[in-house]
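Student: Here is the input, now give the coordinates:
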Amino acid sequence: MSGTRYRVLLAVLMALCTALSAGIAQPASAAPGRPYTNPIKAQKGADPWLEYYNGNYYLITTTFTNKSLMRKSPTLAGLATAPSVQVWEDSTSSRGTNFWAPEIHFIDGRWYLYYSAGQVGAACCDSQRTHVLESAGADPMGPYTYKNKLAGSNLTPGGWLIDASVLRLGGSLYLLGSGFVGGSAQSLVIAPMSNPYTLAGSTFSAISQPANSWERSGAPVNEAPVALQRNGQTFVTFSASSCQTADYKLGLLTYNGGDPLSASSWTKAAGPVFQRNDANRAYGPGHNGFFTSPDGTENWIVYHANSASNGGCGNARTTRAQKFTWNANGTPNLGTPAATGVTLAGPAGETAATPSAYRIVNRHSGKCLDVSGASSVDGADVIQSSCTGNTNQQWRIEDQGNDTSRLVNVRSGKALDVDACGTADGTNLHQWPLLNNNCQKFRMIVTDQGGWVRLTNVNSGKVANAPGCGTADGADVRQWRWLNNNCQQWQLQPV
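Tutor: Numbers count the residues shown, from 1 in each chain. Sure thing, here's the model as predicted:
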């Protein structure tokens, strides 16, 4: 080969390598996710906890009732309209009311749901205690079984403990929470665990007390501790001051090594790390969790906030989420609360479309809940039919803000309704104009892993049923008492 030809070939090869290198050197992260706006949950959005697992986000929040509800969506944006599915209910008198601050943690192949609950009939809120549930398998939506009450002998009054969370450190498991130790103000407390639902001892240690002025607005409070770990460092964010005030905010502890049960092993940041943003109408931001984008490149915070300075501790609080970064010293930089109603880029790596509605599929027949003949007429039958993707088989599931939902047909705009508000077995289900009564309200209650639920009418207590377990197209769907068979189980599939 001549020198000239060699130099030409070498130049071509070098250019090709440069082009390939340029292709490889594209940004490590995926494109931004689907656009979303805050709030991502406008009904009962307090004390949010969010996990991304197996292609879906799972969101659970405070209900103030004896039920726990969870939303599931392949995109962050989709959580705003995702079905609120009941994953737990408890009428036990000692723990059957006022559910607060739920969190789910995946430990050794199962999910554990930690939450605070109160005594039926007791005044709020001295009876609040921490409880833990265990999932049947690896589905975050359960079903769940009750495992234990978690309380310390040195917590007053009588074991009062709220806002439980889990810390894994040095191969050991710890329970974080908020309580009163030795006459202290409401403080962050910690105790070792022997397994995810059992404490290793009977006492808790306080690792942070509300000593600074920014932790004492309205009342001296440290609560809602959450662990955050990165590059060998361990942090705990927590909420400070009274949630009744617009100055509810986040503080930060940094673990310095040594015994995690000792307050001296933790250093508190001198000031808050996340607080009110009046310009963005974000008041009292706090009680947060953390999650990672689907592609693993971004860190996100989920939290609640009020849109008015007098919003307080109730259901006016909404769930919000945003990306955060890291400071040069390795500590989290949570930024400032974003405004609501502003379109933001979702978490990187989202590939699914944001659901616009849901089809509802019977477990036994595999057929879809359908309005007969794609009718828009009042009283048109609701039937089961082979799934086609048509809008008469699509339903918007509208949260009513009271642990119930209304199912609205996309084609007709009418609601799934029990004929004449009947309560008898066999009463027909049809569509009817929106009336906002209990005959048009349903609870979607988890029955089995994989998203199978029963559709329980609030007025009658009966469930949507394929009569005689029929599989034919056009079979009426009627209500019937719960028999725990596949003909009464449905799956909510996003479209």
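Student: which residues of the stretch 1-150 of the chain score low on pLDDT?
Tutor: 1-30 (pLDDT under 70).
Student: Now do the helices in it.
Tutor: Using DSSP state H, counting those that start in this stretch, the helices of the stretch 1-150 of the chain run over residues 3-24.
Student: gap between the residue with the shortest distance to the centre of the chain and E298?
Tutor: In the chain, the residue lying closest to the centroid (CA atoms, centre = their mean) is L59, at 1.3 Å. Between L59 and E298 the computed distance is 18 Å (CB to CB, to the nearest Å). C-beta here means a position set from N, CA and C on the backbone, and glycine is covered the same way.
Student: and if you look at G158?
Tutor: Per CB to CB, G158 is found 43 Å from E298.
Student: Who does the nearest residue to V342 once chain neighbours are set aside form a beta bridge with?
Tutor: Spatial nearest neighbour of V342, chain neighbours left out: T37 (6.2 Å); criterion: CB to CB, 6 or more residues apart in numbering. T37 has these beta-bridge partners by DSSP bridges: T343.
Student: can you list the domains in the protein?
Tutor: Taking automatic domain parsing as the reference, the chain has its domains at 33-346, 358-494.
Student: Now do the shortest one: distance to the chain's middle.
Tutor: In terms of CA atoms, centre = their mean, to the nearest Å, the centre of domain 358-494 is set 25 Å apart from its chain centre.
Student: Can you check the distance spanned by that domain, start to finish?
Tutor: For domain 358-494, the separation between the terminal residues is 4 Å (CA to CA, to the nearest Å).
Student: For stretch 214-225, what does the pLDDT average out to?
Tutor: In this model, stretch 214-225 has a mean pLDDT of 98.
Student: Mind exporting the C-alpha coordinates of that stretch to CSV?
Tutor: The C-alpha atoms that make up stretch 214-225 are tabulated as CSV, following Å, rounded to 0.1, in the frame of the first residue of the first chain:
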residue,chain,number,x,y,z
TRP,A,214,-36.8,27.4,63.3
GLU,A,215,-37.9,24.1,64.8
ARG,A,216,-40.3,25.7,67.2
SER,A,217,-42.8,27.7,65.1
GLY,A,218,-46.2,27.1,66.6
ALA,A,219,-44.8,24.3,68.7
PRO,A,220,-41.4,22.6,69.3
VAL,A,221,-41.6,19.6,66.9
ASN,A,222,-39.2,17.1,65.1
GLU,A,223,-41.1,14.5,63.2
ALA,A,224,-41.3,12.5,59.9
PRO,A,225,-37.7,11.3,59.7
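Student: Could you tell me which residues within that stretch count as buried?
Tutor: 215-217, 220-225 (16 or more other CB atoms under 10 Å).
Student: repeat for stretch 43-55
Tutor: Buried, per 16+ other CB under 10 Å, within stretch 43-55: 43-52.
Student: ok, now stretch 233-251?
Tutor: So for stretch 233-251, counting by 16+ other CB under 10 Å, buried means 234-251.
Student: Centre of the chain to it, how far?
Tutor: In terms of CA atoms, centre = their mean, the centre of stretch 233-251 is set 19 Å apart from its chain centre.
Student: for stretch 304-313, same thing?
Tutor: Worked out by CA atoms, centre = their mean, stretch 304-313 lies 19 Å from the chain centre.
Student: related to what we said a few turns ago, mind listing which of the buried residues of stretch 43-55 are in strands?
Tutor: Among those, DSSP state E puts 49-52 in strands.
Student: so of the buried residues of stretch 233-251, which ones are in strands?
Tutor: Filtering these for strands - DSSP E - leaves 234-240, 249-251.
Student: Pull the most distant pair out of the buried residues of stretch 214-225.
Tutor: Put simply, by CB to CB the two of those set farthest apart are S217 and P225, 18.5 Å from each other.
Student: picking that back up, quick one: the ones in strands among the buried residues of stretch 233-251 as CSV, columns for distance to S84 and pLDDT too.
Tutor: Output for those, formatted as CSV (distance: CB to CB, whole Å; pLDDT from 0 to 100):
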residue, distance to S84, pLDDT
T234, 33, 98
F235, 31, 99
V236, 29, 99
T237, 26, 99
F238, 27, 99
S239, 24, 99
A240, 30, 98
K249, 28, 98
L250, 26, 99
G251, 31, 99
